[in-house]
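Asks: one predicted model, sequence on top.
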Amino acid sequence: MRLTLLSKRKTTAPRWWNTKYLIRSLLVGVPLALSYRLLVINPQQDMIEFQLQISLADADNTPGSADTSSGERTSSKSGSESNQQYGYVSCPDVITRSKHEDFYDPNKGMDESPKRYTLTSPPFWVSLHKEWFDRQRWNSIMKKGTYYEIGLTNIFKEILNNTKTTTSTPAGLVLDVGMNIGWFTLWSRTHGHSVAAFEPNPIMHVRVCESLALNSWDTDGSVKIYPYGVANEERVMNLTMGKNPGGSSFYEDRLAKPFRKSIAVDVVKLDTVAEQEGWLDASGPPIHLMKIDVEGYENFVVLGGMKVIQSGKVSNIIVENSITDEAQVVSFLNFIYQSGYQVHAFLSVNGDPMSNFQMEDVNRELSLIPSRESTYVYDQSNAPSIRFLADHTLNMWWVKRDGQK
């Protein structure tokens, strides 16, 4: 049973007109046995559409379940298992939906999206947003034929060229958590790898689906886009977008107030999808690389992906650390280290190699911290290099320690 309340209005949205107050007003008197879901659609054009879905707890859609109108597949598990399956998008459905008047797309009205055949080796096609909407990627991809994160692009190539893709059965997999415009998803596919990409922003689904079609990869099943954020629990969260489309975050205070726009998105645990797709099975694919770029939410991705990281199936982890809370930095770095990895290199925000003078110190300091389950009082005076990581946004490349399977 489902009750849907729909309100659509053109508004300039006074300050009090926000999600928090809407939820409070709509949920007055709603029994706790019921669940709700809030969608905020197309705020970029000041068109605010609110939809409240209320279903009985034992109905088909459980709290936090995915909205199948986005084009992803769903199916049910039998027995006592959860009946929720987190599907990947259908690119034909994504492209069709993007033509609807209530779907915000900066490229709407154009005969086709801007595209560029890259100057990389190997090259590939990329579909882009209009220049005014995403100048950073326009200035690098469209004008220079490559990505602004040149160092990170080169490291991807180094890793992917050193892994077998044509002889392994099944083919090697890359996990791209925080897909954005899809540069690293496409770059990985160009090197012959299958890709599972996670991205909650629907605008990005359109661009990447266009890119897949340009490269004739849209029908071979090699790239799957999961339209979700990734965290340590399944729920609905507000994703805040700003002036830079690549800087969307679950922390709204990371973006300048004049440019904040929020949408409600589904959030999943990486472990849930991995178990659903069989990535952790003995017969599952080797995971050659996992990239995590989630604008400050790294710790929660790791918490929700503990089984994946502990499985030993992931050969390389590249994570952008933009966390400033030392306790969180220690928590997620310690877990990765205790799972059998060590820091192999530090990279700048753009992925350029940095001086690794503190790399050995970080690994040494992490080796002195007991396992996550043990009692440990963090003393920053004994871990100055970890303190350095909390003060600087940078990328870290993790590899398996010697002797780790």
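Replies: Cool, the structure landed. Predicted model, so just to flag it, every value in this text is computed and none were measured.

Asks: name the nearest residue to residue 271, sequence neighbours excluded.
Replies: With Cβ to Cβ, 6 or more residues apart in numbering as the criterion, residue 271 has its nearest non-adjacent residue at 4.4 Å, and that residue is residue 307. To be clear about C-beta, it is placed using only N, CA and C from the backbone, and glycine gets the same treatment.

Asks: quick one: that neighbour and residue 272 touch, right?
Replies: No - Residue 307 lies out of contact with residue 272 (Cβ atoms under 8 Å); the separation is 9.4 Å.

Asks: who has more neighbours out of those two?
Replies: Counted by other Cβ atoms under 10 Å, residue 307 and residue 272 do not tie: residue 272 has more neighbours, with 20 against 15.

Asks: could you list the low-pLDDT ranges of the chain?
Replies: Counting by pLDDT under 70, the chain contains low-confidence residues at 1-83, 164-170, 242-260, 356-357, 371-382, 403-405.

Asks: contact partners for the closest residue to residue 223 other than its chain neighbours?
Replies: Beyond its immediate neighbours in the sequence, the residue positioned closest to residue 223 (Cβ to Cβ, 6+ apart) is residue 195, lying 4.7 Å away. Residues in contact with residue 195, defined by Cβ atoms under 8 Å, 6 or more residues apart in numbering, are 173-176, 185, 188-189, 222-224.

Asks: quick revisit: ok, now which ones touch the residue nearest to residue 271?
Replies: Contact analysis of residue 307 by Cβ under 8 Å, 6+ apart lists 271, 274-275, 280.

Asks: for the helix or strand hosting it, buried residues please.
Replies: Of the helices and strands defined by DSSP states H and E, residue 307 is found in helix 306-310. Residues of helix 306-310 classed as buried by neighbour count (16 or more other Cβ atoms under 10 Å): 306, 308-310.

Asks: and the contacts of residue 307, which of them are in helices?
Replies: Under the assignment DSSP state H, the contacts of residue 307 contribute 271, 274-275 to helices.

Asks: the chain: helices as residue ranges?
Replies: In the chain, the segments counted as helices under DSSP H are 19-26, 91-98, 135-137, 143-144, 150-161, 183-190, 202-214, 270-277, 298-304, 306-310, 326-338, 359-367, 384-391.

Asks: between these, which one is closest to residue 399.
Replies: When the helices of the chain are compared by Cβ to Cβ, helix 150-161 sits nearest residue 399, at 9.3 Å.

Asks: enumerate the positions of that closest one that are buried.
Replies: Of the residues in helix 150-161, 151-153, 155-157, 159-160 count as buried by neighbour count, 16+ other Cβ under 10 Å.

Asks: closest to residue 263 out of those?
Replies: The nearest member of the buried residues of helix 150-161 to residue 263, counting by Cβ to Cβ, is residue 152 at 27.1 Å.

Asks: next one: that closest one relative to residue 229, how far apart?
Replies: Separation of residue 152 from residue 229 (Cβ to Cβ, to the nearest Å) stands at 21 Å.

Asks: domain assignment for the chain?
Replies: Structurally, the chain divides into domains by automatic domain parsing as follows: 2-63, 91-322.
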